[in-house]
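>>> Fold the following.
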Amino acid sequence: MDLESVADELYALPPGEFTAARGRHVAAARTAKDPALAREIAALRRPTLAAWAGNLLVRSAPEQVDALRRLGEWLRAAQEGLAGEELRELTRKRNVLVAQLAREAQRLAAEAGHPVGDAVRNEVETTLHAVLADADAAREWATGHLAKPLTPRPGFPATTATSAAGPAARPARKRHLKVVEDPGEARAAELARARREARDAEREAREQDKALRRDASRRDAAEARLAEATARVADLADRLRAAEEAETEARDALARARRALTAATRTARQSRRAAEKAAERLDAVAAEQD
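Next up is the predicted model:
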């Protein structure tokens with residue numbers, strides 16, 4: 001057992017199973033007299049739903065993971081070289097791929113039995129943008145061991161590409177800056193985003209509440225079945241003890257009857273022999289008189 005294999009196992013589990021499994025591995029490491037490994041395992045953090053969904057994506061779609069990492073390398077090189085047309089095209093590809101991968105992560109989470117809402121999907125998208133922006137983030141994500149979403153580094157283009165510097169590009173850049181820097185519109189956009197996130201969070205909370213009620217109902221039904229089975233076992237145990245006692249009594253009675261039969265048979269045999277001797281003496285006396 002080593003830290004890498006343990007982490008691979010733990011971060012592949014649903015978040016609800018993480019803590020108990022980590023505890024078992026910590027106990028196993030301590031039993032194996034490896035306190036350093038036990039401390040390292042204990043330091044592994046339980047993943048958030050968004051991090052877990054991102055880890056699912058890494059394990060389930062390795063070819064898309066490689067494609068995203070390559071696209072990140074190209075995009076970073078294009079940004080550093082100020083290649084405007086290439087930057088715009090790569091940014092477009094990035095946005096399409098990030099959206100596809102985030103939806104795929106959402107689908108994988110649902111298939112794994114833990115549906116997630118749009119708020120979690122948005123966090124997955126944020127992680128994917130960070131992967132594209134930073135090689136270190138890409139390497140961290142590719143391990144499949146994320147405990148929380150990653151954040152893009154400052155200065156990396158977000159959802160639209162900026163034009164290259166030059167006279168023909170200046171009007172478009174100015175118009176873009178005016179839109180972004182409009183305080184009223186920025187506040188409205190922030191408010192709309194906050195409302196969407198609140199709705200998504202509320203929807204996810206309702207889904208989790210529904211799942212909790214469903215699990216509680218299943219638990220109650222299982223407890224009722226267990227109580228019924230326990231009562232039946234107790235009843236059958238009582239019947240078994242009574243049957244065993246009756247069997248013991250019957251065996252004892254049979255043994256006594258067999259002993260009595262043996263004694264009666266012996267007595268009857270002796271009585272028969274005595275009767276036969278008496279008859280012989282009677283015959284002898286009668287013969288003498290004749």
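
>>> C-alpha from now on. contacts and neighbour counts both.
Fine.

>>> where does the stretch 1-150 of the chain dip in pLDDT?
Filtered on pLDDT under 70, the stretch 1-150 of the chain yields the residue ranges 78-84, 86-87, 90.

>>> So Val116 versus Ala53, what's the distance?
9 Å (Cα to Cα, to the nearest Å).

>>> Specify which residue of the two has the higher count of neighbours.
Ala53 (33 against 24; other Cα atoms under 10 Å).

>>> element containing the more buried one, please.
For Ala53, the host element (DSSP states H and E) is helix 49-60.

>>> in the helix or strand just after that helix, what's buried?
Next along the chain after helix 49-60, taking DSSP H and E as the criterion, comes helix 62-80. Neighbour-count burial for helix 62-80 flags 65, 68-69, 71-76, 78-79 (criterion: 16 or more other Cα atoms under 10 Å).

>>> what comes up buried for stretch 31-41?
Result for stretch 31-41 [16+ other Cα under 10 Å]: buried residues 37-38, 41.

>>> Take these and keep only those in helices.
37-38, 41 (DSSP state H).

>>> Can you lay out the residues you listed as TSV showing distance to Ala246?
Below are those laid out as TSV (distance: Cα to Cα, whole Å):
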residue	distance to Ala246
Leu37	60
Ala38	57
Ile41	59
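
>>> closest to Thr31 among those residues?
Ala38 (9.5 Å; Cα to Cα).

>>> before we move on, the earlier item: what residues do Val116 and Ala53 have in common as contacts?
106, 109 (Cα atoms under 8 Å, 6 or more residues apart in numbering).

>>> list the contacts for the closest residue to Leu146 other than its chain neighbours?
Closest residue to Leu146 apart from its sequence neighbours, by Cα to Cα, 6 or more residues apart in numbering: Ala51 at 5.5 Å. With contact set as Cα under 8 Å, 6+ apart, Ala51 has these partners: 124, 146-149.

>>> which one of the residues you listed sits closest to Ala224?
Distances from Ala224 to those, taken by Cα to Cα, are shortest for Ala147, at 37.7 Å.

>>> To what extent is that closest one buried, counted in neighbours?
Neighbours of Ala147 (other Cα under 10 Å): 20.

>>> check which helix or strand covers the residue nearest to it when sequence neighbours are not counted.
With Cα to Cα, 6+ apart as the criterion, Ala147 has its nearest non-adjacent residue at 3.8 Å, and that residue is Pro47. For Pro47, there is no helix or strand it lies in under DSSP H and E.

>>> and Pro47, how far is that from Ala246?
Where Ala246 is concerned, Pro47 sits at a distance of 61 Å (Cα to Cα).

>>> and if you look at Asp118?
From Asp118 to Ala246 the distance is 69 Å (Cα to Cα).

>>> In terms of neighbours, single out the busier of those two.
Counting neighbours by other Cα under 10 Å for Asp118 and for Ala246 shows that Asp118 has the greater number, 18 against 12.

>>> Quick check: pLDDT value at the residue nearest to that one when sequence neighbours are not counted.
Excluding its sequence neighbours, the residue lying closest to Asp118 (Cα to Cα, 6+ apart) is Asp200, at 5.8 Å. If you check Asp200, the pLDDT there is 73.

>>> Show me what the host helix or strand of Asp200 is packed up against.
Element membership for Asp200, per DSSP H and E: helix 183-289. If contacts are counted by 3 or more Cα pairs under 8 Å, 6 or more residues apart in numbering; DSSP states H and E, helix 183-289 sits against helix 118-133.

>>> Can I get the helix it packs on in CSV? Just the C-alpha atoms.
Only the C-alpha atoms of helix 118-133 are listed here, as CSV (Å, rounded to 0.1, in the frame of the first residue of the first chain):
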residue,chain,number,x,y,z
ASP,A,118,-25.7,23.8,-12.9
ALA,A,119,-23.9,25.4,-10.0
VAL,A,120,-21.6,22.4,-9.8
ARG,A,121,-21.2,22.2,-13.5
ASN,A,122,-20.1,25.9,-13.5
GLU,A,123,-17.5,25.0,-10.9
VAL,A,124,-16.3,22.2,-13.2
GLU,A,125,-16.0,24.7,-16.0
THR,A,126,-14.0,27.0,-13.8
THR,A,127,-11.6,24.2,-13.1
LEU,A,128,-11.3,23.4,-16.8
HIS,A,129,-10.5,27.1,-17.5
ALA,A,130,-7.8,26.9,-14.9
VAL,A,131,-6.4,23.8,-16.5
LEU,A,132,-6.1,25.6,-19.8
ALA,A,133,-4.5,28.7,-18.2
